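# 3D model of this:
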Amino acid sequence: MAAKISVGQIPAMFARRQQTAFGVGRRLQSTSSQTQNPAYPLYPSVAQLLREKGIPKSDVSKIPASGPKGRLLKGDVLAYIGKIASDYPATQAATLAKLTHLDLSNIKIAAAQAPAAPAAVEEKVVAAPPPMISVAVSVSLAAVLSAQKKIQDNLGVTVPLSRFLAIATDIANDDLPRLASFKPSADELFEEVLGSEPINTSRGAYLPELNAFEAPQTVRSKPVTEDLIDFLSAKSSKKSAPAAYVEPASGAASNVFSLTVPVDEQVRAKEFLERIKMLLSVEPARLVL
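Numbering: from 1, shown residues only. Below you'll find the model as predicted:
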């Protein structure tokens with residue numbers, strides 16, 4: 001059975017119908033795309049694009065606007081003329097709107113880390129020193145002493161023994177044979193490539209140790225010559241004991257020149273000492289004259 005409507009209810013029904021129509025209109029307006037807000041001018045870049053594409057100002061109100069506060073963007077124009085997808089400006093606007101808000105929902109407080117264990121102390125490895133060897137040679141200084149005396153007698157100049165030894169040491173260090181483990185420099189290798197002979201010698205820096213052992217001196221008895229007058233006058237009742245005197249031993253003292261070097265330098269050190277022996281034994285006067 002149909003409900004009866006009284007005359008007094010008609011105005012109320014009419015008012016409710018108007019409110020319903022107004023709400024539907026608002027929803028339709030919110031769902032429709034907005035266009036350029038007339039309260040703001042066009043961006044210069046958008047105006048330039050409109051001129052380039054030949055779009056009149058009358059069509060600006062037809063282009064959906066996705067910019068802030070309803071402003072038209074270049075992407076809106078490109079989507080309107082079909083250069084890009086029609087939903088591209090709206091998608092980008094939504095992405096930018098999402099990025100403007102800092103999302104802290106995934107932040108978690110990190111757990112406290114356990115204290116790190118103390119690092120193990122590294123033991124320094126000290127390389128063992130190379131094995132050493134002592135090289136020695138016996139050198140007679142008789143020729144040096146003879147040359148020293150001749151210079152004193154002829155020139156009146158006293159040349160100390162240290163002068164002979166210093167000059168002999170300096171000369172003996174020149175052009176000593178290189179070690180087998182020696183590696184030539186880059187310059188030397190380049191010279192060999194160009195045809196130069198390899199350099200097999202180098203200057204040493206040896207300073208020999210000198211150990212001198214003096215030869216024993218000979219003690220002889222010297223006969224005492226008694227005065228004849230004293231003998232006849234019997235002034236001397238006893239014969240005087242023969243006086244002893246010291247006679248220098250023949251030859252010079254024995255001298256040992258030695259070096260303590262690594263084992264791989266034995267040949268090089270031996271060569272140095274042999275040169276010292278030759279320089280001090282054969283015409284040593286040439287060292288200082």
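
# A helix includes residue 107, no?
No: under the criterion used here (DSSP: H, G, I helix; E, B strand; the rest coil), residue 107 is coil, not part of a helix.

# what sits against it?
Neighbouring residues of residue 107 by CB atoms under 8 Å, 6 or more residues apart in numbering: there are none. C-beta here means a position set from N, CA and C on the backbone, and glycine is covered the same way.

# got the phi and psi for the residue nearest the centre of the chain?
Centroid-nearest residue in the chain: residue 124, 18.9 Å away (criterion: CA atoms, centre = their mean). With angles defined as degrees, to the nearest 10, residue 124 sits at phi -80, psi 130.

# from residue 131, how far off is it?
Computed with CB to CB, to the nearest Å, the distance linking residue 124 and residue 131 is 22 Å.

# ok, now residue 266?
According to CB to CB, residue 266 and residue 131 sit 11 Å apart.

# more neighbours: which of those two?
Set residue 266 next to residue 131 and count neighbours by other CB atoms under 10 Å: residue 266 wins out with 15 against 8.

# picking that back up, give me the distance between the residue nearest to the centre of the chain and residue 70.
75 Å.

# where does residue 138 land in three-state SS?
Residue 138 - assigned by three-state DSSP - is strand.

# mind giving me the domain ranges of this structure?
31-98, 132-217+250-287 (automatic domain parsing).

# can you say which of those domains is nearest to residue 116?
When the domains of the chain are ranked by proximity to residue 116, the top entry is domain 31-98, at 40.4 Å, counting by CB to CB.

# could you pull up the mean pLDDT of the closest one?
Per-residue pLDDT over domain 31-98 has a mean of 82.

# other SSEs contacting the helix or strand residue 163 falls within?
Residue 163 is part of helix 161-172 when elements are defined by DSSP states H and E. Here helix 161-172 touches helix 142-155, helix 266-281, going by 3 or more CB pairs under 8 Å, 6 or more residues apart in numbering; DSSP states H and E.

# most neighbours per residue, which of those helices?
Stretch with highest mean neighbour count among the helices and strands packed on helix 161-172: helix 266-281 (a mean of 19; mean count of other CB atoms under 10 Å).
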